[in-house]
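Participant: fold the following.
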Amino acid sequence: MRLGFVAPAVLSLAVAVACGGEADPSQVQGGSAANSNNGAGGNGLIIGGGSAASGNTANGSSVMPGSECATSSADGEAVPVDLYFMVDITGSMNCPVPDTGPCLGGNGPPPGGGDSRWSVVSTALKAFVADQANKDLGMGMQFFPSKSRNICSVNSYAMPATEIGPLSMTAAAMTTQIDRQSPGGETPTVPSLQAAIEHATAWAKSHPTHKVAVVYATDGYPHGCDKNNTIPNAAMLAAAAYAATPSISTYVLGVGPNLMDLEQIAAAGSNMTTKAFLVDTSQNAATQLSTALAAIRGKAVVDCTYTIPPPPAGQTLDPGKVNVAYTDSSGKVTNLAQDAAGVACAQGAGWQYSADGNQINLCGSACTAVKGDPGGKIKVLFGCSTEVGNPP
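Facilitator: Numbers count the residues shown, from 1 in each chain. Presented below is the predicted three-dimensional model:
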């Protein structure tokens, strides 16, 4: 049994089982901790690091149970993260880099062997998949427009060129697919994004312990297809995916001039918390692309998500007896309250359960503090009544 986490901090995590005989029949899996304050103690699953007797406190109160209940432990492990790339190979990807003026593309690579948007993007993508720092990252890829006649059909993009998998196993196949592409055609933004989201959603459902996100890389706005192929409609797709269960974030990588409207898709795909990663091709596009890809990786991987392990045989988890404590680099301990009902996680200051009840997410300022403190430690504690924050 493992407690998953994704954060740059060195997080000290362990799992301990409460003793005391048979499980309390009132303890049930799932539900709202805010309405389950049944008093301290009991047979709830306890998670924490170090000695339960240490009694770390904040504001004069401890959420640590008695040491007699800590009987076993397990190390934490990072939640797997998968990125599904939908990559633009439209005709405008033939435009030269750096941009020297208006360019519609479609006439082949720049004369004289100069760089094009596609040559710069493809080089950056191949470097990304080959980087050993990404070897544990899951990644899959598809390209648009389709080489079939029906470029406006979602079905044309339903199957990936390379299925999602650990880059340690799929990097070579990914590089081969990138090298096979030849830019040309119009920009079916809505059908290609819809297909990417649908595939990412299906993958997330079949891999419920993974975090899955779409990376939509494009150099232009919707062009061709019908009147529904618009930025607002693409943003609606991204918003619906983010709000769904499982939640799928959409990160936008824009390569080219005057792409500010892509911010609508990026904001919708992350509950207004993430901007599009825009590359100015009149400047050093290669360096910007490498930086943007690293930032996307960081945004997706550096998160504040902890997977709750299943309880031992014969016991169930009481969601009303869960607490979270954060120790910063200086040793100061802060007990993080569960955000009150109705508080969006991005605006919160504590933690929340994921929609399926299988994970704990640090929210708002709490997440920011943990990500910004390499020496910080998180302890997720089970067994004492949940401390709930004040309502908004």
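
Participant: quick one: the helices in the stretch 51-200 of the chain, in order.
Facilitator: In the stretch 51-200 of the chain, the segments counted as helices under DSSP state H, counting those that start in this stretch are 117-130, 167-179, 189-206.

Participant: now distance to Ala244 too, for these, in CSV please.
Facilitator: From N, CA and C alone the C-beta is placed, and that goes for glycine too. Converted to CSV, those look like this (distance: least, CB to CB, whole Å):
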stretch, distance to Ala244
helix 117-130, 27
helix 167-179, 26
helix 189-206, 7
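
Participant: redo those as TSV? Include mean neighbour count and distance to Asp328.
Facilitator: Formatted as TSV, these follow (neighbours: other CB atoms under 10 Å; distance: least, CB to CB, whole Å):
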stretch	mean neighbour count	distance to Asp328
helix 117-130	21	32
helix 167-179	16	33
helix 189-206	22	33
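
Participant: would you list those in CSV and tack on mean pLDDT and distance to Ala161?
Facilitator: Converted to CSV, the helices of the stretch 51-200 of the chain look like this (pLDDT from 0 to 100; distance: least, CB to CB, whole Å):
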stretch, mean pLDDT, distance to Ala161
helix 117-130, 93, 12
helix 167-179, 95, 5
helix 189-206, 97, 11
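
Participant: right, and those - which one's nearest Val212?
Facilitator: Among these, the nearest to Val212 by CB to CB is helix 189-206 (4.1 Å).

Participant: what packs against the next helix-or-strand element following that closest one?
Facilitator: Per DSSP states H and E, the first helix or strand lying C-terminal to helix 189-206 is strand 211-218. Judged by 3 or more CB pairs under 8 Å, 6 or more residues apart in numbering; DSSP states H and E, strand 211-218 is in contact with strand 81-88, helix 189-206, strand 249-255, helix 285-301.

Participant: got JSON lines for the ones you listed, with distance to Ala344 too?
Facilitator: JSON lines is the format used below for these (distance: least, CB to CB, whole Å):
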{"stretch": "strand 81-88", "distance to Ala344": "22"}
{"stretch": "helix 189-206", "distance to Ala344": "21"}
{"stretch": "strand 249-255", "distance to Ala344": "15"}
{"stretch": "helix 285-301", "distance to Ala344": "18"}
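
Participant: how about the helices of the stretch 51-200 of the chain, which one is nearest Ser290?
Facilitator: Among the helices of the stretch 51-200 of the chain, the nearest to Ser290 by CB to CB is helix 117-130 (5.7 Å).

Participant: report the angle between the closest one and strand 211-218.
Facilitator: Orientation check (axes from the mean of the first three to the mean of the last three CA atoms, to 10 degrees): helix 117-130 against strand 211-218 gives 160 degrees.

Participant: which residues touch helix 117-130?
Facilitator: Under the criterion CB atoms under 8 Å, 6 or more residues apart in numbering, residues 85, 87, 89, 92-95, 97, 109, 134, 139, 167, 170-171, 174-175, 178-179, 181, 183, 217, 219, 255-256, 281, 285-286, 289-290, 293, 297 lie in contact with helix 117-130.
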